[in-house]
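J.: what would the 3D arrangement of this be:
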Amino acid sequence: MTSPTVSQKHPRGLYVLFFTEMWERFSYYGMRAILFLFLIKSVSEGAMGLSEQVGGAIYGLYTSSVYLLTLPGGWIADNILGQKKAIWWGGVVIMIGHIILAIPGNSAIFFLGLATVAIGTGLLKPNISSIVGELYPEGGARRDAGFSIFYMGINMGAFLGMFIVGYLGEKVGWHYGFGAAAIAMFLGLVMFRLNGKHLANLGEPPAEKGKMTFLYVVVAALALIALLVLSGLVSAVDLAEGMKYLIIGITLLYFMYIGFFDASLNIVERKRVGVLFIFFMAAALFWSGFEQAGSSLTIFADRHTDRFLGSWEMPASWFQNANSFFILLFSAPIGAFWIFLNKKNLNPTIPVKFGLGLIQMGFGFLIMYWAAQYAVGGALVGVGWLTFTYMFHTLGELCLSPVGLSTYTKLAPRKYYSQMMGLWFVAASLGNLIAGLFAGNFNEENVAEMPSLFMQVCLFGVGVGLVLILLYKPIRSWMGGIQ
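T.: Numbering: from 1, shown residues only. Purely as a prediction, here's the structure:
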């Protein structure tokens, strides 16, 4: 057999980005796996001893901020640093943040570490994906395959991170776990620096620097928020609640402006913007359930699940790894299944795929509703309940997440292309924030309410999913021929 030609091979730069992102995701998901537990476990266990309500609000603010800060992170790359320098400095800031988290200290130091990690992730995350796209200027199936390989790196990093950081954090010491996340990001930086030559002429700084006004506004807003929280004038719970309504309000006004008041858009583009708004709300609802993985589902794993294998107790954070495992297991078969259905002219429309994603997320919480019935009686449930919940959530993710990202690239008006891609991340930000606030209801005094709380998420997910499926024809007609 002859060796493949250079044109058939993937660029070496892909593997540089693969391993850089793998180690960054190791640090992010590894730290996230133990974050909520560290916030709510007692001081005698070396943790912060916060209430579930406050811990959930802080968790939601952190995970929400990571996605919100991709907007200024993308702007900084486009207007000041270029994508390559943004990745490097983003990684440096992430590593510094994890080092701060690894140092035992007071709550102010810990929150400084969280904020630093969020800022660095917002700078790195959107720009590393952009350079992957630049590696394949011709587009087509080769680019799709390149992104599939890159996506595998994300899940490998998450899988390893949650195992190693989760074990160190819960079994050895919380700050050892945070320290492991710092080491992982350091390895990613070393990989990126030593092999940067394979990314020559990609992601370079712009010839003309953009105006700094936007950046000044972002920095001022972050400083104001930090001042309000640290001074005690605003609690974490109040801030999280306020952020929720602020994100919803700004997003609604933004979509209304584009859809109703921008006279440069024609009627077809306006209808497509309306479809994007529908998908935005559906995605935010999906992520608000899916991202319970690090909050309410982790509480359930820690307090109500029998994690003993013989005499050894499994870390509660390890259950979050089920998502990465099922992604690696199901990604290829589901991709092949869509291709098979397409050949038979049976491929579901985009609204139907969104609906299926939401319904499967809802089914996951239906499983948790049944599991919670046993927990209310004081019993520890088996590991299968959470495992099957994560399986349904992963199947839902594979129906909604890649389809949604692709749909935004197709439907966004050209003049709003980058902004609409940013709004896709805002949907994830809103979902993460709601997930953190929702987890605040899971305190040990109201265990009896657990089944009804899980059922609420189930009914919302299944209900909205069914509406999307039933209304697929008018939604599809508003898409103006885009499939």
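J.: do I have it right that residue 371 meets residue 300?
T.: Yes: using C-beta atoms under 8 Å, residue 371 makes contact with residue 300 at a distance of 7.4 Å. All C-beta atoms are positioned from the backbone trio N, CA, C, and that covers glycine.
J.: quick one, domains of the protein?
T.: For the chain, automatic domain parsing gives the domain ranges 11-234, 235-483.
J.: in CSV: the ones you listed, plus mean pLDDT.
T.: Output for these, formatted as CSV (pLDDT from 0 to 100):
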stretch, mean pLDDT
domain 11-234, 90
domain 235-483, 92
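J.: in JSON lines: those, plus mean neighbour count.
T.: Formatted as JSON lines, these follow (neighbours: other C-beta atoms under 10 Å):
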{"stretch": "domain 11-234", "mean neighbour count": "20"}
{"stretch": "domain 235-483", "mean neighbour count": "18"}
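J.: picking up where we left off before, between residue 371 and residue 300, which contacts overlap?
T.: Residues touching both residue 371 and residue 300 (C-beta atoms under 8 Å, 6 or more residues apart in numbering) are residue 386.
J.: ok, now which ones touch the residue most central in space within the chain?
T.: With distances taken as C-alpha atoms, centre = their mean, residue 428 lies nearest the centre of the chain, 6.0 Å away. The contact partners of residue 428, taken as C-beta under 8 Å, 6+ apart, are 67, 283, 284, 287.
J.: name the element the first one belongs to?
T.: Following DSSP states H and E, one finds residue 67 within helix 52-68.
J.: can you spell out which helices and strands pack onto that helix?
T.: Contacts defined by 3 or more C-beta pairs under 8 Å, 6 or more residues apart in numbering; DSSP states H and E place helix 52-68 against helix 12-40, helix 107-134, helix 236-256, helix 417-439.
J.: mind checking how far the closest residue to residue 418 other than its chain neighbours is from residue 423?
T.: Using C-beta to C-beta, 6 or more residues apart in numbering and skipping residues adjacent in sequence, the residue nearest residue 418 is residue 74, 7.0 Å away. Distance, residue 74 to residue 423, by C-beta to C-beta, to the nearest Å: 12 Å.
J.: from memory residue 76 sits against residue 124, does it?
T.: No: the pair residue 76 and residue 124 does not pass the contact test of C-beta under 8 Å, sitting 10.9 Å apart.
J.: list residues touching both of these two?
T.: Residues touching both residue 76 and residue 124 (C-beta under 8 Å, 6+ apart) are residue 86.
J.: nearest to residue 164 among the contacts of residue 428?
T.: The shortest approach to residue 164 among these belongs to residue 67, at 24.3 Å (C-beta to C-beta).
J.: the closest one against residue 433, yeah?
T.: No: the pair residue 67 / residue 433 is not scored as a contact, 9.2 Å apart, by C-beta under 8 Å.
J.: what ranges do the strands span in this structure?
T.: Using DSSP state E, the strands of the chain run over 308-309, 312-313.
J.: which residues sit against the first one?
T.: Looking back up the chat, that one is strand 308-309. residue 314.
J.: quick one: strands adjacent to it?
T.: Counting by DSSP bridges, the strands paired with strand 308-309 are strand 312-313 (antiparallel).
J.: about what we covered before: which one of the strands of the chain lies nearest to residue 439?
T.: strand 312-313 (22.2 Å).
J.: distance between the closest one and the chain's centre?
T.: In terms of C-alpha atoms, centre = their mean, to the nearest Å, the gap separating the centre of strand 312-313 from the centre of its chain is 30 Å.
J.: same question for stretch 476-483.
T.: The answer for stretch 476-483 is 28 Å, by C-alpha atoms, centre = their mean.
J.: just the terminal-to-terminal distance for it.
T.: In terms of C-alpha to C-alpha, to the nearest Å, the two terminal residues of stretch 476-483 are separated by 8 Å.
J.: so who does the residue lying closest to residue 403 once chain neighbours are set aside touch?
T.: Distances taken as C-beta to C-beta, 6+ apart put residue 353 closest to residue 403, at 4.8 Å, once the chain neighbours are dropped. Neighbouring residues of residue 353 by C-beta under 8 Å, 6+ apart: 399, 400, 403.
J.: let's see it at 10 Å
T.: 338, 347, 398, 399, 400, 402, 403, 404, 407, 468, 469, 472 (C-beta atoms under 10 Å, 6 or more residues apart in numbering).
J.: what is in contact with residue 67 and residue 433 at once?
T.: In contact with both residue 67 and residue 433: residue 287, using C-beta under 10 Å, 6+ apart.
J.: how about residue 36: what's its closest non-neighbour residue?
T.: In space, residue 36 is closest to residue 59, 4.8 Å off (C-beta to C-beta, 6+ apart).
J.: that neighbour contacts residue 298, correct?
T.: Yes: applying C-beta atoms under 10 Å as the test, residue 59 and residue 298 come out as touching, 9.5 Å apart.
J.: can you list residues touching both of the two?
T.: 32, 35, 36, 37, 40, 439.
J.: dump those into JSON lines; add distance to residue 83 as well.
T.: Shown next, in JSON lines, are the shared contacts of residue 59 and residue 298 (distance: C-beta to C-beta, whole Å):
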{"residue": "32", "distance to residue 83": "24"}
{"residue": "35", "distance to residue 83": "28"}
{"residue": "36", "distance to residue 83": "32"}
{"residue": "37", "distance to residue 83": "35"}
{"residue": "40", "distance to residue 83": "37"}
{"residue": "439", "distance to residue 83": "34"}
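J.: which among those gets closest to residue 198?
T.: Nearest to residue 198 out of these is residue 32 (C-beta to C-beta; 29.7 Å).
J.: give me every residue that touches the nearest residue to the closest one once chain neighbours are set aside.
T.: Among residues not flanking residue 32 along the chain, residue 294 sits closest, at 5.3 Å (C-beta to C-beta, 6+ apart). Neighbour list for residue 294: 29, 32-37, 59-60, 62-63, 162, 317, 320, 432, 435-436, 439 [criterion: C-beta under 10 Å, 6+ apart].
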